[in-house]
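*Asks:* A structural model of the following input is requested.
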Amino acid sequence: MRNLKWLYACSLAIAFGVLSFAAVSCHDDDDEPKQEPGEVIETPAPVVEYYIMGTVTDAGKGVSGVDVKIGTETIKTDKDGKFSVTETKTGKYSVEVAPKGYLAQNTSVEIAANAENRSVVTVAVALTKQSEPENVKKGEEATVKDNSDSNKDIPDPTTTPADEVVEDLPITTVEVTIPADALPESGTGINEDGSADISVTTYVPAPEEVTTDVKPAEENKDVEKTIPLAAAHFEPTGLEFVNPVTISIPNPIPDVTFAESDMQLAYLNTTTGKWDVQTSKVNLKNGSYQADIKHFSSYAVENKVTSKISSETVVKSEVLGQASRDNSENPKAVTGIALTYKEKSGWECKDADITNAVKSKLSGASDATINAMVAFFKTRLYSLMGSASGVKTTERTYNTVNVNGYTTMNYTCYAKTRTTTLSAKVLYKGNPVTISVTATRYTGTDHQYKTVTTNPTHSGGQGGSN
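*Replies:* Residues are numbered from 1 along each chain as shown. Sure thing, here's the model as predicted:
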């Protein structure tokens, strides 16, 4: 009996101890200070915007104070001839430049519907002062040459080093020969005495369109293009001849010609703004490319080339902006952190790369031939890419963000590029040769923004990015 009483007493003591421990434990939990929740302040989404940037030049130099109409907005070029607009919508925007005394230039830029935020389109417009007219008498043969002030100092491509080539100048000028029996008795552009005041202005046409869009079917494929070897505007516009007149362009590259099958004549359709191919053939005669026309307008003697555009690439080696903030041990949010980056726009193709590409294909060529061929490629790239070579850096703000309590933030901005390979078929001393050069265009930016929020009372966390 005594043993049973002792066992009963021990059992009660143990039970009492367990209850006391539980009570103390619960009491201790209740007394522990509660962790302050992390402050949450919403960060707005980045503003959606696209950039159209460009330059207006005359003889390779920027022209300040020129009105540039982009869509419905008109802006002026700065002291260096540059302009820039920010758009919030995708679509096509017309670009018009028509200062007094110059040939008007029109083009368009397209921000594709699938363009990523902060995409950049660059475009250039080369202005040319109109040539003074020369009076051509009826019944007399005459040759009228370009006398534009913009073209009076066109450098000789055979003696111009690669780094001195002016990309937005023609490499040669155009002339027109009027036979004695070509002028009509009357009509548009005919004076009372039967003569006509005729002018020829060689110029570099603005690209028909510059776009961020590359059709998937055309990526990484050779696509045939035509680029003017030379283009000219003839006045009086609309003058129709009784018999054809001949436009002529001196071959600018010694020992190198273009196959007649790769040459064509086009005229600028003022209604559509497009270059329409003509049936008139382009022939190489006496060292010049020649074609017959029967009325005045703007004409271009074009040669066929191919262009291959690569897929867009995020260049992880080109970091344009970077920021981070560790707020993981602070319950309060940190606000107003500006995420900035240095945007790159434009394109580049190194002179040495062009020169080496030419030399590798034209074995034993003279310096004159090498120089002129390099000038040909640099001026063709200007037309193909839609702007002069060069990369511009612009500081921009991606977003102003808030880093919530118990959160870390990391931001990195990378450059995005495409390559364009221009290939031209030529006859070098009568033998067919294909020469290719590759340019790299900056197309936009890739923004990597990530936040990770942790719960200080538990391991692990939650993250977000955009």
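*Asks:* residue ranges with poor pLDDT in the stretch 1-150 of the chain?
*Replies:* By pLDDT under 70, the low-scoring segments of the stretch 1-150 of the chain are 1-35.
*Asks:* Let me see the ranges of the strands in it.
*Replies:* All strands of the stretch 1-150 of the chain, identified by DSSP state E, counting those that start in this stretch, fall at 50-58, 61-62, 67-70, 73-76, 82-87, 91-97, 105-111, 120-127, 134-136, 142-145.
*Asks:* now swap in the stretch 301-450 of the chain and tell me
*Replies:* According to DSSP E, counting those that start in this stretch, the strands that the stretch 301-450 of the chain contains are 313-327, 334-348, 390-403, 407-428, 431-454.
*Asks:* Now do the buried residues in the last one.
*Replies:* Taking 16 or more other Cβ atoms under 10 Å as the basis for neighbour counts, the residues of strand 431-454 that come out buried are 435, 437-447, 449, 451, 453-454. C-betas here are computed from N, CA, C, even on glycine.
*Asks:* Parallel or antiparallel, which strands does that strand pair with?
*Replies:* strand 334-348 (antiparallel), strand 407-428 (antiparallel), strand 461-465 (antiparallel) (DSSP bridges).
*Asks:* can you give me the angle the longest one makes with strand 313-327?
*Replies:* For strand 407-428 and strand 313-327, the angle between their directions (axes from the mean of the first three to the mean of the last three Cα atoms, to 10 degrees) works out to 160 degrees.
*Asks:* What are the buried residues along strand 407-428?
*Replies:* So strand 407-428, judged by 16+ other Cβ under 10 Å, has buried residues 407-409, 411-420, 422, 424-428.
*Asks:* swap in stretch 205-220?
*Replies:* Here stretch 205-220 shows 205-207, 209-212, 214 as buried, counting by 16+ other Cβ under 10 Å.
*Asks:* Same check on stretch 114-129?
*Replies:* Those would be 115-116, 118-129, for stretch 114-129 by 16+ other Cβ under 10 Å.
*Asks:* now, the most widely separated pair of those?
*Replies:* The largest separation in these, counting by Cβ to Cβ, is between Glu116 and Lys129 at 39.7 Å.
*Asks:* hmm, back to that, could you say which one of the strands paired with strand 431-454 comes nearest to Tyr299?
*Replies:* strand 407-428 (20.9 Å).
*Asks:* Send me that closest one as PDB with only the CA atoms.
*Replies:* Extracted in PDB, the C-alpha atoms of strand 407-428 (Å, rounded to 0.1, in the frame of the first residue of the first chain):
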ATOM      1  CA  THR A 407      14.000  42.900 -50.000                       C
ATOM      2  CA  THR A 408      17.100  42.900 -52.300                       C
ATOM      3  CA  MET A 409      17.100  44.400 -55.700                       C
ATOM      4  CA  ASN A 410      19.400  43.800 -58.700                       C
ATOM      5  CA  TYR A 411      19.300  45.600 -62.100                       C
ATOM      6  CA  THR A 412      21.500  45.100 -65.200                       C
ATOM      7  CA  CYS A 413      21.000  46.600 -68.600                       C
ATOM      8  CA  TYR A 414      22.700  45.000 -71.700                       C
ATOM      9  CA  ALA A 415      23.100  46.200 -75.200                       C
ATOM     10  CA  LYS A 416      21.200  44.500 -78.100                       C
ATOM     11  CA  THR A 417      22.600  44.300 -81.600                       C
ATOM     12  CA  ARG A 418      22.200  42.900 -85.100                       C
ATOM     13  CA  THR A 419      24.800  42.500 -87.800                       C
ATOM     14  CA  THR A 420      24.200  43.400 -91.400                       C
ATOM     15  CA  THR A 421      26.400  41.800 -94.100                       C
ATOM     16  CA  LEU A 422      26.600  43.700 -97.400                       C
ATOM     17  CA  SER A 423      27.800  41.800-100.400                       C
ATOM     18  CA  ALA A 424      28.500  43.200-103.900                       C
ATOM     19  CA  LYS A 425      29.400  41.300-107.100                       C
ATOM     20  CA  VAL A 426      32.000  43.100-109.200                       C
ATOM     21  CA  LEU A 427      34.100  42.400-112.200                       C
ATOM     22  CA  TYR A 428      37.800  42.900-111.300                       C
END
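*Asks:* re the thing from before, for the strands of the stretch 301-450 of the chain, could you give me TSV that also reports distance to Ser186 and mean pLDDT?
*Replies:* Shown next, in TSV, are the strands of the stretch 301-450 of the chain (distance: least, Cβ to Cβ, whole Å; pLDDT from 0 to 100):
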stretch	distance to Ser186	mean pLDDT
strand 313-327	61	98
strand 334-348	50	97
strand 390-403	50	97
strand 407-428	44	98
strand 431-454	49	97
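*Asks:* how about the residue nearest in space to the middle of the chain, what does it touch?
*Replies:* In the chain, the residue lying closest to the centroid (Cα atoms, centre = their mean) is Thr122, at 3.9 Å. Applying Cβ atoms under 8 Å, 6 or more residues apart in numbering, we find Thr122 in contact with 53-54, 210, 345-347, 386-387, 392.
*Asks:* please redo it, this time with the cut-off set to 7 Å
*Replies:* Applying Cβ atoms under 7 Å, 6 or more residues apart in numbering to Thr122 gives the contacts 53-54, 345-346, 386-387.
*Asks:* got it, and Arg441?
*Replies:* 347, 385, 417-418, 420.
*Asks:* Throw the buried residues of stretch 205-220 into CSV and include distance to Val63 and secondary structure, thanks.
*Replies:* Below are those laid out as CSV (distance: Cβ to Cβ, whole Å; DSSP: H, G, I helix; E, B strand; the rest coil):
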residue, distance to Val63, secondary structure
Pro205, 17, coil
Ala206, 14, coil
Pro207, 18, coil
Glu209, 23, coil
Val210, 19, strand
Thr211, 25, strand
Thr212, 26, coil
Val214, 31, coil
